[in-house]
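# Here you go, sequence then predicted model.
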Amino acid sequence: GNRPYDMRKVIEEIVDHGEYLEVHERWATNVLCVLARIDGHVTGIIANQPQSLAGVLDINASEKAARFVQMCDAFNIPLVTMLDVPGFLPGVDQEHDGIIRHGAKLLYAYCNATVPRIQLILRKAYGGAYIVMDSRSIGADLSFAWPTNEIAVMGAEGAANVIFRRDINGAEDPEAMRAQKIKEYKTELMHPYYAAERGLVDDVIDPAETRQVLASSLAMLRTKHADLPSRKHGNPPM
């Protein structure tokens, strides 16, 4: 669960001929913004990059991804969002510079997009970062997950420390109790099909079938038509 890997290699297995064009590849490297073809059709891919800052969302990554989503929506390019995100980057500097405000820009960009939107959860999908990365709750058309998905407020270790604090502190062997509670939390709330049971994803898929599933889903959504509310213009966070 904590092992870094290169998300580009995953993208190469999914897109046509393993070829893609990465936008702003040297800026905010913890998120990838890619133009590629899937089944012959141009597609925009937004993906966390676990090799850089573990794939967290920070101010720059939120700005980069939001701009890319708006660009794809402007040119009617469907979006595929690939998640492996442990949350927003904590820290005094991020808070002072407005991480919530900048993260809201990505949220606004997704909510305002009318193109086909598909979410794919590879591994971690924690907290608010999961929500703003095109979750079902903000209007994704389809959401799929690999069996390795972990959709939660936080990781099992952190959650167990908060939820079972009294049990752990009152135990004769706190470390043994902590390990037991972490195991219980993972078994009950972080098993592969928990997300599907709660309706957070439409299906848990075999990773080997990812390209086929995305291609057929994009074909189904190709005639999607969504009307924005009647208004003069939107009011994005600045």
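Arrived safely, thanks for sending.
# Compute the number of surrounding residues for residue 82.
25 (other Cβ atoms under 10 Å). Any C-beta I mention is one placed from the backbone N, CA and C, and that applies to glycine too.
# my bad, should have said residue 201
The criterion is other Cβ under 10 Å. On that basis, residue 201 has 26 neighbouring residues.
# Kindly report the same for residue 17.
8.
# Helix, strand, or coil at it?
helix (DSSP: H, G, I helix; E, B strand; the rest coil).
# tell me the pLDDT at it?
Note on residue 17: pLDDT of 96.
# Use 35 as the first number for this chain going forward.
Done: numbering now begins at 35, and the last item shifts to residue 51.
# residue boundaries of the strands in this structure?
Counting by DSSP state E, the chain has these strands, from start to end: 54-56, 65-72, 75-82, 113-119, 151-160, 176-179, 184-186, 237-238.
# Save the ones you listed as a markdown table, and put in mean pLDDT too.
Listed next are the strands of the chain as a markdown table, based on pLDDT from 0 to 100:
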| stretch | mean pLDDT |
| --- | --- |
| strand 54-56 | 97 |
| strand 65-72 | 97 |
| strand 75-82 | 97 |
| strand 113-119 | 96 |
| strand 151-160 | 94 |
| strand 176-179 | 96 |
| strand 184-186 | 86 |
| strand 237-238 | 94 |
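# Present these as a markdown table; the columns should include distance to residue 42.
Output for the strands of the chain, formatted as a markdown table (distance: least, Cβ to Cβ, whole Å):
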| stretch | distance to residue 42 |
| --- | --- |
| strand 54-56 | 8 |
| strand 65-72 | 7 |
| strand 75-82 | 9 |
| strand 113-119 | 11 |
| strand 151-160 | 13 |
| strand 176-179 | 20 |
| strand 184-186 | 22 |
| strand 237-238 | 24 |
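# If anything else comes up later, I'll come back, but that's it for now.
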